[in-house]
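>>> got a sequence here, can you model it:
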Amino acid sequence: MKSRVLTALCFFFMSMSIGASSAAAQAQALPRPVVQGPVSGGDRGQPFGGAGPAGAPPGYVEEEWFVSGTATSYTKANEWRTDGLWEVTPADRAEFAVRLLVRRPARAAAFNGVLVVEWLNVSGRVEADADYGQMAAELIRGGYAWVGVGAQAVGIHAPGSGLKAWDATRYGPLHHPGDRFSYDIFSQAAGVIRGDRSPAAGPMGGLAVEHMIATGRSQSAFRLVTYVNAVHPRDRRFDGYLIHSRGAQAAGLRAEAMAGDEPDPVPAGAQIRSDLGVPVFDLFTEGDMVTLGAHQTRQPPSGTYRRWELAGAAHAEVSRWVVEVPPDLPTGPGCAVPVNAAPHDAFVKAGLRALTDWVTSGAAPRHSPEILLGDRSAPDPIERDEHGNALGGVRLPELEAPTATLNGLQNSVSASAAGGLNFCFLYGNTLPFDAEKLRSQYPTHRVFVDRFVAAVDELERQGYLLGPEAADAREAAMESGIGGP
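Have a look, this model is predicted:
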């Protein structure tokens, strides 16, 4: 009979003492949560979304911890306009218990001092490390620590898919009172991590966190906008923010998941407030504009704000550097036509490096050119070239040396499972050129390689690509059959 008791569960109380950074020094005192862990046991013997039998990446430790306490929800204290200068007032309180998934260097000497805290994404009704999946290579080679925070209710309680459904034994102690408490839960989790000063017993294993960056992709990015504008001025937990693929709407203050506050919804097109005092890096794809209306949030660069817009990229993708057939192009989660193939993840890695440099040294990254827009109210507001590819923005090599049309327009579902979730509308499209068009564009392989590599070189020079990804791109072009016999 399987034990209903979590094995090797270590309990201790941890003060919410705040680190010495300028952001944390201004933080208001919050309730002191209880931290439990590292967690083990359960029916499956591993954390949801964990590394599994293969183990953590070389040189890294993966652990799961539980954080419990009393969270506060908020109500609006002023009129919320698109300028993001939002104020809140504490409202009701409720008990919570959520999890942290920790991946950190095993040795202090390998740690770069920067902790990335991800608001785990629950759009699929599970707690998904959507940004870690794109950042992992840079996190590991750069010596970052990473923590995923289960800040939203559906990740725990969703019937059939939440943590309790996945492993009732391991996650039996967890409880979430609703997403209106998610903002304070995220703050409290961040305070626990940053306040960890124990030699080896806490979530950070004795690592000294010098800088802490928050990140979130898609629904989590919607949440981070509201957190940044309304909660950061109160709590000041983070030294910088990477907001990845948000849309026109910020998340509701009191509503669940993606629902809007009623009768007073958050205004569409919210910008990032101008008085934060810490850097905010906003990363968008053209797909975020087509499917989510993200172009409505545009704002100019400032001392604390930068933005990149990736032409040719979709909100979600199955990436490759060079589009050619064969091999067959993937159709993602059962989509009708091949999904977007732009290497979105490569630019996320560069964005993380750029934000880290900004936070640690004050060197702000460039603000990218805007993707060109025509009729902003049209289903597709983007201006396109003769191949159907977007104009303006960060110029991917797949657009400067095109072998296909790459866009973020809605894909459709070919065959979906009954009752299953399908996000094909976010996956964009890849429409490869036929053989005749390829021959007319690239009479020789050298013509293609030279054009592609020139685009890669320029992206690396401008900071949009890092060296390892740039090298992969050049190699892919040289090994391709484009322009060959």
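
>>> where does pLDDT dip in the stretch 151-300 of the chain?
Scanning the stretch 151-300 of the chain for pLDDT under 70 picks out 196-200.

>>> compute the first-to-last residue distance for stretch 436-446.
Start-to-end span of stretch 436-446 (Cα to Cα, to the nearest Å) is 18 Å.

>>> contacts for that stretch, please.
Stretch 436-446 has contacts (Cβ atoms under 8 Å, 6 or more residues apart in numbering) with 402-403, 433, 448, 451, 480-484. For glycine as for every other residue, the C-beta is placed from the backbone atoms N, C-alpha and C.

>>> mind listing what's buried in that stretch?
Neighbour counts using 16 or more other Cβ atoms under 10 Å place 438, 441-442, 445 of stretch 436-446 among the buried residues.

>>> filter the contacts of stretch 436-446 down to just the ones in strands.
Among those, no member is found in strands (DSSP state E).

>>> for those, work out which two are farthest apart.
Pairwise distances across the contacts of stretch 436-446 peak at 16.9 Å for P402 and G484 (criterion: Cβ to Cβ).

>>> which one of those two has more residues nearby?
Neighbours per residue, other Cβ atoms under 10 Å: of P402 and G484, the larger number sits with P402, 25 against 11.

>>> looking at the contacts of stretch 436-446, spot the one nearest A270.
Set against A270, the nearest of these by Cβ to Cβ is P402 (34.3 Å).

>>> which outside residues touch stretch 319-336?
By Cβ under 8 Å, 6+ apart, stretch 319-336 touches 316, 318, 337-339, 341-346, 397-398, 403-404, 406, 411-417, 422-424, 427, 430, 432, 452, 472-473, 476-477, 480-482.

>>> residue nearest the centroid of this protein?
Taking Cα atoms, centre = their mean, the centroid of the chain lies closest to R217, which sits 3.0 Å from it.

>>> from what I can see G49 touches A128, true?
Yes. Counting by Cβ atoms under 8 Å, G49 touches A128, with 6.8 Å between them.

>>> what about the closest residue to G332 other than its chain neighbours, which SS state?
Using Cβ to Cβ, 6 or more residues apart in numbering and skipping the chain neighbours, the partner closest in space to G332 is V339 (3.9 Å). Assigned state for V339: coil (three-state reduction, DSSP: H, G, I helix; E, B strand; the rest coil).

>>> for V339, report the pLDDT, please.
Note for V339: predicted pLDDT of 98.

>>> that one: what's it in contact with?
Going by Cβ under 8 Å, 6+ apart, V339 touches 314, 316-318, 329-332, 411, 424, 427-430.

>>> so where do the helices sit in the stretch 51-200 of the chain?
For the stretch 51-200 of the chain, the helices defined by DSSP state H, counting those that start in this stretch cover 132-142, 154-157, 163-166, 182-194.

>>> out of these, nearest to A364?
With Cβ to Cβ as the criterion, A364 lies closest to helix 132-142 of the helices of the stretch 51-200 of the chain, at 18.8 Å.

>>> need the contact partners of the closest one.
57, 59-60, 103, 112, 114, 116, 118, 144, 146, 148, 215, 217, 344-345, 348-349, 352-353, 356, 466, 468.

>>> please check the residues you listed and keep the buried ones.
Among the contacts of helix 132-142, those buried by neighbour count (16+ other Cβ under 10 Å) are 57, 60, 103, 114, 116, 118, 144, 146, 148, 215, 217, 344-345, 348-349, 352-353, 356, 466.

>>> can you tell me which residues contact the nearest residue to G55 once chain neighbours are set aside?
The spatial neighbour of G55 that comes closest, neighbours along the chain excluded (Cβ to Cβ, 6+ apart), is E62 at 7.6 Å. Taking Cβ under 8 Å, 6+ apart as the criterion, E62 is in contact with 47, 50-51, 55-56, 101-103.

>>> ranking those by neighbours, who comes first?
P47 (27 neighbours).

>>> got the contact list for that residue?
By Cβ under 8 Å, 6+ apart, P47 lies in contact with 39, 62, 64, 99, 101, 170.
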